[in-house]
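*Asks:* Sharing a sequence plus its predicted fold:
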Amino acid sequence: MLLFLCVTGVSFFLWAVLDSESRDVDFNQFYAAGKLAGASRLYNWPAIRELELAHHNKAVPFGRLPAYAGVLKLLTYLEHERARVVWLAANTICLIAFAFLWPFQCRTGVLAALCWSCPAAMLLAFGQDTAIFLFFAAASVWLLQRRQQFRAGVVLSLCAIKFHLAIALPVFLLAQRRWLVVLGGFVGVVAILGASFAVEGPQWPIELLALSQTPEFSPAAARMPNLHGLTHGLPWAPVLEWALAFSCLLALYLISARADLTVAAAAALAAGLLVSHHAYVYDAVLLLPAVLWILESDSPPLMRAWALLLCGPVPFFALLTERWWRLGQLVTNGFSIAFLLWLGLSVWERKGPQLRSRFAIPSGPET
C-alpha cells in the first residue's frame with residue numbers, strides 16, 4: 001500500500017508540474033545569484049535578470065541574504081544542467097531527512113504524505129529551497145530532543161536562508177525559555193550577517209529593501225498561503241493583516257509556553273508561514289509537521305478531516321486558479337489559524353504538567 005501511494009503520488013505530480021512554464025525558474029534565480037555573489041550586483045535587478053533570461057524565459061529577483069548567495073556560488077562551478085540535477089537531489093534528500101528527523105510516530109505515513117504533497121512537488125519542480133529550511137528546522141528539533149541546545153540554536157539560525165518564514169521561531173524559543181538555543185541562534189545569525197557584509201559590502205541591506213518594493217518581487221499576492229494572501233482585496237487589508245499576525249504570534253507564545261516541544265515547533269512553522277508576508281504554494285510544505293501531528297494525535301474529527309484534505313492537491317490547485325483562489329485561501333490559511341486557535345484554547349483550559357503529558361509524543365529523550 002505504501003509503495004502504491006508513493007508511486008501514484010509521484011506519477012500524478014510528474015504529470016501535473018513537469019511541463020509547467022515555471023519549471024526550474026527558482027533554481028535559475030539561485031544559479032544567477034551565485035554568479036553575481038561578491039560582485040556587489042546581487043540586488044541589481046537588470047543584472048540578475050539578464051543572467052536568468054539566458055537559461056529561462058522567466059526571471060525573478062533574488063531575495064535571500066548575500067551569505068547564501070556565496071554558498072550558491074559553488075553551484076556555478078558546474079554546468080547549468082548538472083547544477084540543476086545536484087540541486088534537485090539536495091532538496092529531495094532534505095525532504096527525506098525531514099521525514100526521519102522530525103519525531104513522527106509513523107515514518108511510512110510521512111513518506112506517503114510527501115509523495116502526495118503538492119507544495120513538495122512544486123518546490124522540487126521550480127527549484128525552490130523551502131525543503132532546506134524544513135530540514136534545518138527538523139535537525140534543530142532532533143538536537144533539542146538530545147539536549148544539545150546550543151548546537152540546535154546554531155542549526156536553527158540557518159533558517160535565515162528564508163528569514164521571512166522564520167519570524168515566529170524566536171517567539172517559540174523565548175516562550176519555552178530555551179536560552180542556550182537563543183544564544184546559539186544569535187551567534188549563528190551574527191556569523192551569517194557578517195558573512196553577508198563580507199560577500200556584498202555595506203550597502204546590501206538598503207539595496208535588498210529597495211528591491212523588495214518592486215512589483216516583480218511579490219507578484220500574485222492572491223496566491224500566497226499566508227495572511228497577506230488571505231486579506232488580499234479586503235478593506236483595510238494591511239491593518240487586518242497586522243492584527244491577525246499579532247494574534248497568531250500571541251497564540252504561538254501561549255502555546256509554546258506550555259505545550260510539548262514537538263507541538264510548539266509545528267505551531268511555530270505554521271505561524272511563521274502565516275505571518276511571512278511573502279510566500280507561495282511551495283512554502284506550504286512547512287505545514288506538514290502540523291498536518292501529520294493532527295493525523296497522529298487524539299484531535300477533533302474536523303481537524304483530522306481538514307488535515308487529510310491538505311495531504312492532497314485539491315486545496316493548493318484551487319489556490320492557483322483564477323476562480324477558486326479564495327476557497328484555496330480559506331482552506332490552507334484556515335487550517336493554520338484553526339490549528340493555532342485549537343491549541344491556544346487547549347492550553348488556556350489546561351494548566352501545568354497535565355498539559356505537557358496531554359500533548360506529548362513519545363519519541364525518545366525529551367528536554
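*Replies:* Looks like it arrived, so ask away. Residues are numbered from 1 along each chain as shown.
*Asks:* ok, and Phe12, which helix or strand is that part of?
*Replies:* helix 2-17 (DSSP states H and E).
*Asks:* Who are the packing partners of that helix?
*Replies:* Counting contacts by 3 or more C-beta pairs under 8 Å, 6 or more residues apart in numbering; DSSP states H and E, helix 2-17 packs against helix 107-115, helix 118-126. C-betas here are computed from N, CA, C, even on glycine.
*Asks:* Deepest-packed of these, please.
*Replies:* helix 118-126 (a mean of 25; mean count of other C-beta atoms under 10 Å).
*Asks:* Using CSV, write out every CA atom in that one.
*Replies:* Output of helix 118-126 as CSV, limited to C-alpha atoms (Å, rounded to 0.1, in the frame of the first residue of the first chain):
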residue,chain,number,x,y,z
CYS,A,118,1.6,19.5,-3.8
PRO,A,119,3.9,22.0,-2.1
ALA,A,120,6.7,19.5,-2.1
ALA,A,121,6.2,18.7,-5.8
MET,A,122,6.1,22.3,-6.7
LEU,A,123,9.3,23.2,-4.8
LEU,A,124,11.2,20.4,-6.5
ALA,A,125,9.8,21.3,-9.9
PHE,A,126,10.6,25.0,-9.6
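*Asks:* what's the angle between that helix and helix 2-17?
*Replies:* 60 degrees (axes from the mean of the first three to the mean of the last three C-alpha atoms, to 10 degrees).
*Asks:* Where does pLDDT dip in the stretch 1-150 of the chain?
*Replies:* Applying pLDDT under 70 to the stretch 1-150 of the chain flags the ranges 16, 18-20.
*Asks:* try the stretch 251-367 of the chain
*Replies:* Ranges of the stretch 251-367 of the chain meeting pLDDT under 70: 350-367.
*Asks:* same thing but 80
*Replies:* The stretch 251-367 of the chain contains residues with pLDDT under 80 at 347-367.
*Asks:* re the thing from before, other residues contacting the helix holding Phe12?
*Replies:* With C-beta atoms under 8 Å, 6 or more residues apart in numbering as the test, helix 2-17 has contacts from Arg23, Thr108, Leu111, Ala112, Cys115, Trp116, Ser117, Cys118, Ala121, Met122, Ala125, Pro313.
*Asks:* Identify, from these, the entry nearest to Ala90.
*Replies:* Nearest to Ala90 among the contacts of helix 2-17 is Ala125, at 14.8 Å by C-beta to C-beta.
*Asks:* Excluding chain neighbours, give the residue nearest to that closest one in space.
*Replies:* Leaving aside its sequence neighbours, Ala125 sits nearest to Val17 (C-beta to C-beta, 6 or more residues apart in numbering; 4.2 Å).
*Asks:* and if you look at Leu230?
*Replies:* Nearest non-adjacent residue to Leu230 (C-beta to C-beta, 6+ apart): Asn333, at 4.5 Å.
*Asks:* so what's that neighbour up against?
*Replies:* Asn333 neighbours (C-beta under 8 Å, 6+ apart): Pro225, Asn226, Leu227, Gly229, Leu230, Leu274.
*Asks:* Helix or strand for it, just tell me which one.
*Replies:* helix 325-349.
*Asks:* Same question for that helix: list its buried residues.
*Replies:* For helix 325-349, burial by neighbour count (16 or more other C-beta atoms under 10 Å) applies to 325-326, 328-329, 331-333, 335-337, 339-340, 342-344, 346-347.
*Asks:* One more: stretch 137-152?
*Replies:* 137-145, 148-152.
*Asks:* how long is it end to end?
*Replies:* 9 Å (C-alpha to C-alpha, to the nearest Å).
*Asks:* What of stretch 231-239?
*Replies:* End-to-end for stretch 231-239, by C-alpha to C-alpha: 9 Å.
*Asks:* buried residues in it?
*Replies:* Thr231, His232.
*Asks:* and if you look at stretch 198-211?
*Replies:* Val199, Glu200, Trp204, Glu207, Leu208, Leu211.
*Asks:* surely the first one meets Val71?
*Replies:* In other words, Val199. No - with contact defined as C-beta atoms under 8 Å, Val199 and Val71 do not form a contacting pair (9.6 Å).
*Asks:* returning to that earlier point: quick one: the helices and strands packed on helix 2-17 as a markdown table, columns for distance to Ala305 too.
*Replies:* Listed next are the helices and strands packed on helix 2-17 as a markdown table, based on distance: least, C-beta to C-beta, whole Å:
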| stretch | distance to Ala305 |
| --- | --- |
| helix 107-115 | 15 |
| helix 118-126 | 18 |
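*Asks:* can you tell me which of these comes nearest to Met303?
*Replies:* helix 107-115 (15.8 Å).
*Asks:* same for the closest one, what does it pack against?
*Replies:* helix 2-17, helix 80-101, helix 288-296.
*Asks:* at 6 Å instead, please
*Replies:* helix 2-17, helix 80-101 (3 or more C-beta pairs under 6 Å, 6 or more residues apart in numbering; DSSP states H and E).
*Asks:* That helix versus helix 288-296: what angle between them?
*Replies:* Going by the same axes, to 10 degrees, helix 107-115 makes 130 degrees with helix 288-296.
*Asks:* How far does helix 107-115 sit from its chain's centre?
*Replies:* Relative to the mean C-alpha coordinate of its chain, helix 107-115 is positioned 18 Å out (C-alpha atoms, centre = their mean, to the nearest Å).
*Asks:* Give me the angle between it and helix 80-101.
*Replies:* Using the same axes, to 10 degrees: helix 107-115 against helix 80-101 is 150 degrees.
*Asks:* Dump helix 107-115 to PDB, keeping only the CA atoms.
*Replies:* What follows is helix 107-115 as a C-alpha-only set of coordinates in PDB (Å, rounded to 0.1, in the frame of the first residue of the first chain):
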ATOM      1  CA  ARG A 107       7.500   7.200   9.200                       C
ATOM      2  CA  THR A 108       5.800   5.300   6.300                       C
ATOM      3  CA  GLY A 109       2.800   7.700   6.600                       C
ATOM      4  CA  VAL A 110       5.100  10.700   6.300                       C
ATOM      5  CA  LEU A 111       6.700   9.300   3.200                       C
ATOM      6  CA  ALA A 112       3.300   8.800   1.600                       C
ATOM      7  CA  ALA A 113       2.300  12.300   2.500                       C
ATOM      8  CA  LEU A 114       5.500  13.700   1.000                       C
ATOM      9  CA  CYS A 115       4.800  11.900  -2.300                       C
END
